[in-house]
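J.: Here is a sequence together with a model predicted from it:
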Amino acid sequence: MATIRLPYGKEYIDATIPDERLAGVLTSKLHGYKPEVSEEKLIRDALESPIGSAPLHELAHGKNKVLIIASDHTRPVPSKVIIPPMLEEIRRGNPDADITILIATGCHRGTTIAELREKFGDEIVNNEKIIVHDCADKDNLVSIGTLPSGGELSINRIANEADLLVSEGFIEPHFFAGFSGGRKSVLPGIASREAVLANHCSEFIAHPCARTGILENNPIHNDMLWAAKRAGLAFIVNVVIDENKRPIFAVAGDVEAAHKKGCEFLSGLCRVKACPADIVITTNGGYPLDQNIYQAVKGMTAAEASVKEGGVIIMLAKSNDGHGGEQFYRQLADERDIDKTMQTFLSRSRNETVPDQWQTQIFLRVLKKATVIYISDSPDDIIRNMHMTPAHSPEEAMLIAEDILGNKNATVTVIPDGVAVMVQE
């Protein structure tokens, strides 16, 4: 018997699979990669050797209003390690700079004070100016152009008014933008809801290049990169993290060139070949990405690439924050015919996109291929309403899966961290 440790919230759950049924375990080499220097030195080395850009302290010369775009509570970015040296570099260039940290919530709920303290630490929260972006606050949004997608690009006013715009973030596989990080700080990070909707339209989501690990010809990425350049994002500090959410690699510099180098590093470690199986067990990598069902769709797409047609995906995501979006939930719960919902989405133009339809569209794509059994702390009725089967342990989920398949010897592939791998079919 093989026992495999699976992240669940801030803890772990073990899944035990008979050896003769285990088709494979798909893991990222990220988890075995050990940097030669400390986390702090990784960041400082990146800042000292920026890619395609002058150093941050030089960019800060003469710049009075400096804005740092920082990730929100849904992203495991190690901001406690990244932000302090960025602040030092900016003040090295201009000790009197008026620095603001803008939390890039995209269309997520606002980050709470408690979450800010957990993310940055008390010293930064108590002593730095922090503003949480609100994509619906039209008084604090300003239009700066038209996206390649045709949507109007409006961003947070204070970002547009900054003399120097920089960002922190992390790079991981992303299920429709190719990779996270870099340009995503602006779109969706600090953009209006309308800009995000246009970028996340059904046409782009359905595009064959809008997939994990693909940037070239990816229309969603192209929109995002255009937005970052239009906004004047001058410098980024991005990291790649391991399973413990600790930095193992860092890049700094130009939004496109530095991000590309980070993506190349990541690709070399986390691309894995699909291992087709009747049942695929996966997770969303634990906290903070498994706080709700909305985010858990990301991990499901890794399983989607390896599960056999008509198979079963067993998804473990604590989901203590519930479904993660009322509109996302209603799009699934209010219509039992998933084909009808999919056709509704596909019939909409780029500027007719409604909130959360992209997440639902991808989730429906998964459901059209496989049955999803969901292990979580969410109420069973919510899981059922969202076209899934609830379970409360891997053992229970396996019994349900075997019953669905009518096969007690169904093959099993395990992906311990579905957001850390790029599964190639």
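T.: Great, that's in hand.
J.: Are we agreed that Ile158 is in a helix?
T.: Yes: looking at Ile158 with DSSP: H, G, I helix; E, B strand; the rest coil, it is inside a helix.
J.: Return the residues in contact with it.
T.: Neighbouring residues of Ile158 by CB atoms under 8 Å, 6 or more residues apart in numbering: 67, 100, 102, 131, 140. For glycine as for every other residue, the C-beta is placed from the backbone atoms N, C-alpha and C.
J.: For the first one, what is the enclosing helix or strand?
T.: If you go by DSSP states H and E, Leu67 is part of strand 65-71.
J.: Correct me if wrong: Asn407 contacts Asp278.
T.: Yes: taking contact to mean CB atoms under 8 Å, the distance of 6.6 Å between Asn407 and Asp278 places them in contact.
J.: In terms of neighbours, single out the busier of the two.
T.: Just comparing Asn407 and Asp278: by other CB atoms under 10 Å the higher neighbour count belongs to Asp278, 22 against 13.
J.: buried ones in stretch 218-229?
T.: Across stretch 218-229, burial judged by 16 or more other CB atoms under 10 Å covers 218-228.
J.: JSON lines for these, including secondary structure?
T.: Compiled in JSON lines, the buried residues of stretch 218-229 are given as follows (three-state DSSP):
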{"residue": "Asn218", "secondary structure": "coil"}
{"residue": "Pro219", "secondary structure": "helix"}
{"residue": "Ile220", "secondary structure": "helix"}
{"residue": "His221", "secondary structure": "helix"}
{"residue": "Asn222", "secondary structure": "helix"}
{"residue": "Asp223", "secondary structure": "helix"}
{"residue": "Met224", "secondary structure": "helix"}
{"residue": "Leu225", "secondary structure": "helix"}
{"residue": "Trp226", "secondary structure": "helix"}
{"residue": "Ala227", "secondary structure": "helix"}
{"residue": "Ala228", "secondary structure": "helix"}
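J.: Determine which two of the residues you listed are furthest apart.
T.: Greatest spacing in the buried residues of stretch 218-229, by CB to CB: Pro219 and Ala228 (15.3 Å).
J.: how about Arg91, what does it touch?
T.: Counted by CB under 8 Å, 6+ apart, Arg91 has contacts 60, 97, 99.
J.: that's a helix at it, yeah?
T.: Yes: Arg91: assigned to a helix according to three-state DSSP.
J.: Glu264 versus that one, what's the distance?
T.: 32 Å (CB to CB, to the nearest Å).
J.: ok, and the closest non-adjacent residue to Ile171?
T.: The spatially closest residue to Ile171, leaving aside those adjacent along the chain, is Gly181, at 3.7 Å (CB to CB, 6 or more residues apart in numbering).
J.: Tell me how many other residues crowd that neighbour.
T.: Summarising burial for Gly181: neighbours were counted as other CB under 10 Å, giving 28.
J.: in terms of contact, does it touch Pro173 like I think?
T.: No: judged on CB under 8 Å, Gly181 makes no contact with Pro173 at a distance of 10.5 Å.
J.: Wasn't Thr212 part of a strand?
T.: No: using three-state DSSP, the assignment for Thr212 is coil, not a strand.
J.: wait, what's in contact with it?
T.: Contacts for Thr212 were tallied using CB under 8 Å, 6+ apart; they are 173-176, 178, 301-302, 305, 422-423.
J.: all strands of the stretch 1-150 of the chain, in order?
T.: For the stretch 1-150 of the chain, the strands defined by DSSP state E, counting those that start in this stretch occupy 2-8, 11-17, 22-25, 65-71, 98-104, 129-132, 141-146.
J.: which other helices and strands contact the first one?
T.: This points to strand 2-8. With contacts defined as 3 or more CB pairs under 8 Å, 6 or more residues apart in numbering; DSSP states H and E, strand 2-8 has these neighbours: strand 11-17, strand 22-25, strand 277-283, strand 307-316.
J.: Then the fifth one?
T.: Taking 3+ CB pairs under 8 Å, 6+ apart as contact, the helices and strands that strand 98-104 lies on are strand 65-71, helix 79-93, strand 129-132, helix 157-160.
J.: quick one: low-confidence parts of the stretch 51-200 of the chain?
T.: Low-confidence regions of the stretch 51-200 of the chain, defined by pLDDT under 70, are absent; no residue qualifies.
J.: Could you check stretch 138-147 and say which residues are buried?
T.: Judged by neighbour count (16+ other CB under 10 Å), stretch 138-147 contains these buried residues: 140-142, 144, 147.
J.: Between the two ends of it, how far is it?
T.: The first residue of stretch 138-147 is 18 Å away from its last residue (CA to CA, to the nearest Å).
J.: same thing with stretch 201-208?
T.: Across stretch 201-208, the terminal residues are separated by 14 Å (CA to CA).
J.: Stretch 98-117 too?
T.: 21 Å.
J.: roughly how far is it from the heart of the chain?
T.: Between the mean C-alpha point of stretch 98-117 and the mean C-alpha point of its chain there is a distance of 16 Å (CA atoms, centre = their mean, to the nearest Å).
J.: Likewise for stretch 110-127?
T.: 21 Å.
J.: Helices of the stretch 251-400 of the chain, residue ranges please.
T.: 257-270, 293-304, 326-333, 338-346, 357-369, 380-385, 394-405 (DSSP state H, counting those that start in this stretch).
J.: Since that was my last question, I'll sign off now.
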